[in-house]
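Visitor: Build me a model:
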Amino acid sequence: MTKNNKKALIAFGLTLLAVIALFAGVCMKTNLYNKKLHCETIDSAALFSEAADEEGISVTAAPRSSTWGKIFDFNNEGITENNYQAFTYDFTVANNTKDELASFTFRLNFEQEVYLSSAWNGSLEIHQITKGGERVASIPDLREFKAEDYELDTYVVDGESLIKMKKGDYLIYTPSASANALEIPIEPHEGSVPGFILYVPMEESFREATLEIDYTFHRLLISEALFWVAAACLLIWLIALIIFIITSIQIKKYHERHERDNEIINESIETFTGFIDAKDPYTNGHSKRVAVYTKCIARAMGYEGEELERIYYTALLHDCGKIGVPDHILGKPGRLTDEEFEIIKSHTVRGGEILSSFKSIENVGEGALYHHERYDGKGYPEGKAGEDIPLIARMICVADSYDAMNTNRVYRAHLSREEIMREIQTNKGKQFDPAIADIMLELLKSGKLTEPNT
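Guide: Below you'll find the model as predicted:
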């Protein structure tokens, strides 16, 4: 796995963790919201208003049109005409939100005296304030209320048991979730309608009460905007991952093909350079050794990847011009004549010409043409000096000279490591680029110079 692939996978992993954390955050936020108990107080004006609040949770109380009267003769005075009137009140609990109303209870505080006759669906908890404290009773279904079963302030009219609610008394209504009533949950933009029947004096109406409602929501994850942000991030992540996998497969195939091509190129070039080196048994393997040493120098200078391979192949072909030098001159054990030396020197130009049509490796001919140029300008074939000499040629110059000193030749044995280092040091700024010579000396001192098996 390449370094870039590792970085990409780490980035994908961290991004996925971030998306998971976002989903977890949305879940926690929704869970906390669903556990939160909301509380509201609705005064008389709002409770008995026909215009309900269009936002949040609203409760309105409205009487039905049908009504009837009864005689309430508290002191047995012989009253003959109806003096109390019954009202049926619907308490509409409206869910004006996009969330499900999971539960609710409300407390109805009475600010006037009424007589409670009936209520439906839910259960009631009656609170009557007394001088000594409070009477409390829980009534599962007021329609089945029997006064004798409870210690409450009640009044019976025509066999009907009524609960007296004075100013300051209150009741707590808990809705029913049974299949028949199904007052809760309340879906978004729906409502539930608990009802009460109560009596007030004739010519009066039930208008004096406040209501306190407690409720909770059940919000779905998909109702959270952040959920869709997280979902979009996950989708983008998945698309990016698929693209990355497809691209990685394509790149892997490309690299495999590129490596096969490089192997073919390398084998072809090494075979060609083998022909050149075979012309002189004393320098057999010279081209590959110089290529390996040059690659070591280039790596120490910071080159890597394909550029490093280009330098290696350029160095491997640096002596290709010797293919045109007669064998008797290459292998001559004695001193060369001036004419023979000129023929030897011509291998640089021949090499440059041979490689001029080799376009697969950029500037591959520079190594062959200029590796015998000297930093002081006294080299050949053009007498270039300093940084006018291509950098690759300056690298090969040091590597080539090192191999010449480190191998046995027909006219002498190889030099010792100390002698070689002394020669390189002496020729800094003369034959060799000082910076490259220093790199070679450091490689030799540290033992990091690769010695190929040739």
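
Visitor: For this protein, which segments are assigned as helices?
Guide: Under the criterion DSSP state H, the chain contains helices at 3-35, 44-47, 225-278, 286-300, 305-316, 327-330, 338-355, 365-370, 391-406, 417-426, 434-446.

Visitor: okay, the ones you listed, which one's buried deepest?
Guide: Sort those by mean neighbour count, taking mean count of other Cβ atoms under 10 Å, and helix 365-370 sits at the top with a mean of 25. C-beta: built from backbone N, CA, C; applies to glycine.

Visitor: Contacts for that one, please.
Guide: Contacting residues not belonging to helix 365-370 are listed as 314-315, 317-321, 348-349, 351-352, 354-356, 358, 381-382, 384, 389-390, 392-393, 396 [Cβ atoms under 8 Å, 6 or more residues apart in numbering].

Visitor: okay, and for the stretch 1-150 of the chain, where does confidence drop off?
Guide: Applying pLDDT under 70 to the stretch 1-150 of the chain flags the ranges 1-2, 52-53.

Visitor: Most distant residue from the centre of this protein?
Guide: residue 78 (84.6 Å; Cα atoms, centre = their mean).

Visitor: Quick check on that one: phi, psi?
Guide: Main-chain torsions, residue 78, degrees, to the nearest 10: phi 80, psi 30.

Visitor: ok, it to residue 156 distance?
Guide: Here the criterion is Cβ to Cβ, to the nearest Å. By it, residue 78 lies 17 Å from residue 156.

Visitor: same thing with residue 75?
Guide: Distance from residue 75 to residue 156, by Cβ to Cβ: 15 Å.

Visitor: for residue 433, same thing?
Guide: Residue 433 is 120 Å from residue 156, by Cβ to Cβ.

Visitor: So between the two, which is more surrounded?
Guide: A count of neighbours by other Cβ atoms under 10 Å puts residue 433 above the other of residue 433 and residue 156, at 22 against 9.

Visitor: Could you find the closest non-adjacent residue to the more buried one?
Guide: In space, and not counting its chain neighbours, residue 433 is closest to residue 394: 4.3 Å by Cβ to Cβ, 6 or more residues apart in numbering.

Visitor: What of residue 126?
Guide: In space, and not counting its chain neighbours, residue 126 is closest to residue 137: 4.9 Å by Cβ to Cβ, 6+ apart.

Visitor: again with residue 156
Guide: With Cβ to Cβ, 6+ apart as the criterion, residue 156 has its nearest non-adjacent residue at 6.6 Å, and that residue is residue 147.

Visitor: who touches the one you found in this structure?
Guide: By Cβ under 8 Å, 6+ apart, the contact list for residue 147 reads 154, 156, 161.

Visitor: How about the first one: what's its closest non-neighbour residue?
Guide: Using Cβ to Cβ, 6+ apart and skipping the chain neighbours, the partner closest in space to residue 154 is residue 147 (4.2 Å).

Visitor: What of the last one?
Guide: Sequence neighbours aside, residue 147 is the residue nearest to residue 161 in space, at 4.0 Å (criterion: Cβ to Cβ, 6+ apart).

Visitor: what's the domain layout of this structure?
Guide: With domains defined by automatic domain parsing, the chain comprises 1-35+224-259, 37-220, 279-446.

Visitor: out of those, nearest to residue 268?
Guide: Of all these, domain 279-446 sits nearest to residue 268, with 10.2 Å by Cβ to Cβ.

Visitor: Tell me the gap between that closest one and the middle of its chain.
Guide: Relative to the centre of its chain, domain 279-446 is centred 52 Å away, using Cα atoms, centre = their mean, to the nearest Å.

Visitor: So for residue 424, what's the pLDDT?
Guide: Listed pLDDT for residue 424 reads 94.

Visitor: ok, now which ones touch it?
Guide: Going by Cβ under 8 Å, 6+ apart, residue 424 touches 398, 401-402, 432, 437, 440-441.

Visitor: Low-confidence stretches in the stretch 201-350 of the chain?
Guide: In the stretch 201-350 of the chain (pLDDT under 70), the answer is 277, 279-283.

Visitor: at 80 what do you get?
Guide: For the stretch 201-350 of the chain, residues meeting the criterion pLDDT under 80 lie at 258, 261-262, 264-284, 327-334.

Visitor: nearest residue to residue 445 other than its sequence neighbours?
Guide: Counting by Cβ to Cβ, 6+ apart, residue 421 is the residue found nearest to residue 445 once chain neighbours are left out, at 7.7 Å.

Visitor: who touches the one you found in this structure?
Guide: 441, 444-445.

Visitor: Please list the outside residues in contact with stretch 254-268.
Guide: Contacts for stretch 254-268 (Cβ under 8 Å, 6+ apart): 309, 313, 360.

Visitor: Now do it: distance to the chain's middle.
Guide: With Cα atoms, centre = their mean, you get 37 Å for stretch 254-268.

Visitor: Dump it to CSV, restricted to CA.
Guide: The C-alpha trace of stretch 254-268 is given here as CSV (Å, rounded to 0.1, in the frame of the first residue of the first chain):
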residue,chain,number,x,y,z
TYR,A,254,-1.5,1.3,-14.0
HIS,A,255,1.3,0.8,-11.6
GLU,A,256,1.4,-3.0,-12.3
ARG,A,257,1.5,-2.2,-16.0
HIS,A,258,4.1,0.5,-15.4
GLU,A,259,6.2,-1.9,-13.3
ARG,A,260,6.0,-4.5,-16.0
ASP,A,261,7.0,-1.8,-18.6
ASN,A,262,9.9,-0.7,-16.3
GLU,A,263,11.0,-4.3,-16.0
ILE,A,264,11.0,-4.7,-19.7
ILE,A,265,12.9,-1.4,-20.2
ASN,A,266,15.3,-2.3,-17.4
GLU,A,267,16.0,-5.8,-18.8
SER,A,268,16.4,-4.3,-22.3
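
Visitor: who touches residue 36 in this structure?
Guide: Contacts for residue 36 (Cβ under 8 Å, 6+ apart) come out as 216-217.
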